[in-house]
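> need a 3D model of the sequence below.
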Amino acid sequence: MNGQTVAAAGKNYDIPAKMKALQYSGPETFAVVEIDVPDIGDDDVLVRSPSP
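Next up, the predicted model:
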């Protein structure tokens, strides 16, 4: 966990330290990579979506 906890819809969620992201590195070149979860500020939104 990265030490952040957020509240949404009356529930608290711990934010993990790492996340998967789709990285673009050139024409027709994509890769799924694991990166650090960015710190979120007061005006930011972090969205979690299910993976297949």
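
> what residues are up against residue 25?
Listed by CB atoms under 8 Å, 6 or more residues apart in numbering, the contact set of residue 25 reads residue 31. (Glycine included, C-beta is placed from N, CA and C.)

> okay, and it sits in which element?
strand 18-26 (DSSP states H and E).

> same check on residue 33?
Using DSSP H and E, residue 33 sits in strand 29-36.

> each with direction, which strands does the strand holding residue 25 pair with?
Paired neighbours of strand 18-26 in the sheet (DSSP bridges): strand 29-36 (antiparallel).

> so what touches the partner strand?
Residues outside strand 29-36 that contact it (CB under 8 Å, 6+ apart) are 2, 17-25.

> reformat those as a markdown table; add distance to residue 34.
Shown next, in a markdown table, are the contacts of strand 29-36 (distance: CB to CB, whole Å):
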| residue | distance to residue 34 |
| --- | --- |
| 2 | 13 |
| 17 | 10 |
| 18 | 5 |
| 19 | 7 |
| 20 | 6 |
| 21 | 8 |
| 22 | 12 |
| 23 | 10 |
| 24 | 16 |
| 25 | 15 |
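
> determine which two of those are furthest apart.
Pairwise distances across the contacts of strand 29-36 (CB to CB) peak at 25.1 Å, for the pair 2 and 25.

> do you know how far the residue of the chain positioned farthest from its centre is from residue 11?
The centre of the chain is farthest from one residue, residue 27, which by CA atoms, centre = their mean lies 24.4 Å away. Noted for residue 27: a distance of 42 Å to residue 11, by CB to CB, to the nearest Å.

> now residue 18: how far from residue 24?
19 Å.

> what does residue 32 give?
11 Å.

> again, but for residue 37
19 Å.

> which of the two has more neighbours?
Set side by side, residue 37 and residue 24 show more neighbours around residue 37, with 15 against 9, by other CB atoms under 10 Å.

> go ahead and confirm that one touches residue 17.
Yes - contact criterion CB atoms under 8 Å: residue 37 and residue 17 qualify, at 6.2 Å.

> ok so, going back, ok, so of the contacts of strand 29-36, who is nearest residue 45?
Nearest to residue 45 among those, with distances taken as CB to CB, is residue 19, at 14.3 Å.
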